[in-house]
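Visitor: Here's my sequence, what's the structure:
(chains A and B)
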Amino acid sequence: MAKRYILVKVVCDRKLTNEQLNEALNNSAKRYFGELGLSRIDLRIIRFDAESSMAIISCERNATPEVGAAISLITTYAEVPMSLLALRVSGTVKGAAKRGK
Amino acid sequence: MGNYLDLHVIPRPEDKQSCERMADLLSEAHYRTVGLTVATGLLNERIKAVRRIFEDRGLDTVLRVDLKPGSRTELLRLLRRFRSLYDIVAVGCLNQQVATVSCRDSRVDMIFFNGASRNLRFSHTFARLLRGAIELNLVSDLISRDDGWAFVRLRKAISVASEHHAKVVLSSGARSFEMVRSPFQISALAITLGLGAEDSIRAVSSTPSSIVAANRMKRASEYVEEGVKIVVPSRR
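Guide: Next up is the predicted model:
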């Protein structure tokens, strides 16, 4: 199945780990689209650089708007204000990573 | 890169650091123009300082005012007073009477509805009367409430606007840097709420851009009235 890769910037005063970001993403997607929606989206973190707070996440191509919506609705993680800013959407990891450099 | 606009950004002029962070994120998110919503009583120096913060980061700025009158007469008085001073005039509709007049009045660029209000929403009546655009503050409306009502209200507004081919402008309504979202995210939210993919892109690019361009033309010194402007003859 075709994928889309989204470069996101984590805007949070606390440094997050890969697992914490994954939890925040999955919780948001599950909350707004349910378990079935989450399985259809197939959300994964491909790369995460905690230092630069940049991550590349992948999803099903047809579910790109749902992922965009799910990441827009994240406002906190463990009661710390947090948001995700999608900077680039691409069909390849290389294309998505370009903007991050 | 497209020409993306977020016409509803509400910076806090007293908090320079927050304004700078907001401007950084908006610039990173590929916005070209932002509509800075300022209080009507704010001093000119303060407004200039806020604009400079955003313009230093390569963002084009337009000044916007949100009017929230309680009655028709108050709305007309506010429009007479503020229309010529701001690039964008938006009206927050608090009751049926204000919403009806705002939809009809050509001086109003955009109308928006309070996310918390259950009594008043964008209906077919307003869509038929609308001369400007309906603005949907997706981020502020969706994240400020937790009961799902905002989703219902926005979904209905999108459905009504699509049915009547009303102009839709998608904005964030960001009051802090944590509420800044990219054009992709704003349009993705609208798509999941039922707006078409192309319409959602238009609502963050060409529709707000045309409103800004039309108002800039009207505020230019050579503009006289619709279809009439002063043309300086070229020296030969």
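Visitor: Show me what the one helix or strand residue B:20 maps to is packed up against.
Guide: Assessed by DSSP states H and E, residue B:20 sits inside helix B:16-28. The elements that helix B:16-28 packs onto, with contact taken as 3 or more CB pairs under 8 Å, 6 or more residues apart in numbering or on different chains; DSSP states H and E, are strand A:3-12, strand A:80-90, strand B:4-9, helix B:44-55. Any C-beta I mention is one placed from the backbone N, CA and C, and that applies to glycine too.
Visitor: Apply 7 Å and report the result again.
Guide: On a contact count with 3 or more CB pairs under 7 Å, 6 or more residues apart in numbering or on different chains; DSSP states H and E, helix B:16-28 meets strand A:80-90, strand B:4-9, helix B:44-55.
Visitor: Quickly compare these and say which is most buried.
Guide: Highest mean neighbour count among these (mean count of other CB atoms under 10 Å in any protein chain shown): strand B:4-9, with a mean of 27.
Visitor: Pull the residues that contact it.
Guide: B:22, B:26, B:30-37, B:64, B:88, B:135, B:137, B:169, B:171-174, B:183, B:204-205, B:208-209, B:212 (CB atoms under 7 Å, 6 or more residues apart in numbering or on different chains).
Visitor: mind checking how far it is from the chain centre?
Guide: 7 Å (CA atoms, centre = their mean, to the nearest Å).
Visitor: returning to that earlier point: reformat the helices and strands packed on helix B:16-28 as a markdown table; add distance to residue B:197 and mean pLDDT.
Guide: Output for the helices and strands packed on helix B:16-28, formatted as a markdown table (distance: least, CB to CB, whole Å; pLDDT from 0 to 100):
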| stretch | distance to residue B:197 | mean pLDDT |
| --- | --- | --- |
| strand A:80-90 | 13 | 93 |
| strand B:4-9 | 15 | 94 |
| helix B:44-55 | 29 | 91 |
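Visitor: Export these as CSV, with columns for distance to residue A:74.
Guide: Below are the helices and strands packed on helix B:16-28 laid out as CSV (distance: least, CB to CB, whole Å):
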stretch, distance to residue A:74
strand A:80-90, 6
strand B:4-9, 19
helix B:44-55, 25
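Visitor: Which one of these lies nearest to residue B:141?
Guide: Closest approach to residue B:141 among the helices and strands packed on helix B:16-28 (CB to CB): strand B:4-9, 10.8 Å.
Visitor: could you give the angle of the helix holding residue B:20 to strand A:3-12?
Guide: Taking axes from the mean of the first three to the mean of the last three CA atoms, to 10 degrees, one finds helix B:16-28 and strand A:3-12 inclined to each other by 170 degrees.
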